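Asker: how would this look folded up:
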Amino acid sequence: MSDSTIVWSPLARDTYLQILAFITKEWTTKEAIKFDDLVTAYLNALIENKFLCPASVKKHLRRCVLTKQTSLVYRVKGDLIELVAFFGNPTDHAY
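Answerer: Numbering: from 1, shown residues only. Next comes the predicted model:
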């Protein structure tokens, strides 16, 4: 078991909640729960291997493509995994 800890930035928390609200509005609560379960599985995998996802185009960041529509960006600081943001893949973003 790894000693890594995950922390959420305010931006990560906000963008995650926005995505869940969008999924709930446009599809169903069931789909939002599936997305939440997927994120939880990725976070558990990151605790085990903090370098699981490839490096981002931005220095010191890593990007997980969660679904074809959504990605997660995070950074590693020692044993700390900081979730930076969630975003839609088709959107214009800096990651």
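
Asker: could you pull out the helices for the protein?
Answerer: Under the criterion DSSP state H, helices of the chain are mapped to 10-26, 29-48.

Asker: out of those helices, flag the one nearest residue 3.
Answerer: Evaluated with Cβ to Cβ, those place helix 29-48 nearest to residue 3, the distance being 9.0 Å. Heads up, the C-betas are built off the backbone N, CA and C, glycines and all.

Asker: please compute how far the closest one lies from its chain's middle.
Answerer: In terms of Cα atoms, centre = their mean, to the nearest Å, the centre of helix 29-48 is found 9 Å from the chain centre.

Asker: ok and it relative to helix 10-26, angle-wise?
Answerer: Counting by axes from the mean of the first three to the mean of the last three Cα atoms, to 10 degrees, helix 29-48 lies at 150 degrees to helix 10-26.

Asker: and the pLDDT at the most centrally placed residue in the chain?
Answerer: With distances taken as Cα atoms, centre = their mean, residue 72 lies nearest the centre of the chain, 3.0 Å away. Predicted confidence (pLDDT) for residue 72: 97.

Asker: quick one: contacts for it?
Answerer: Neighbour list for residue 72: 12, 39, 42, 53, 63, 64, 66, 83, 85, 86 [criterion: Cβ atoms under 8 Å, 6 or more residues apart in numbering].

Asker: so what's it bridging to?
Answerer: Judged by DSSP bridges, the bridge partners of residue 72 are residue 64, residue 86.

Asker: distance check, it against residue 48.
Answerer: In this structure, residue 72 and residue 48 are 16 Å apart, going by Cβ to Cβ, to the nearest Å.
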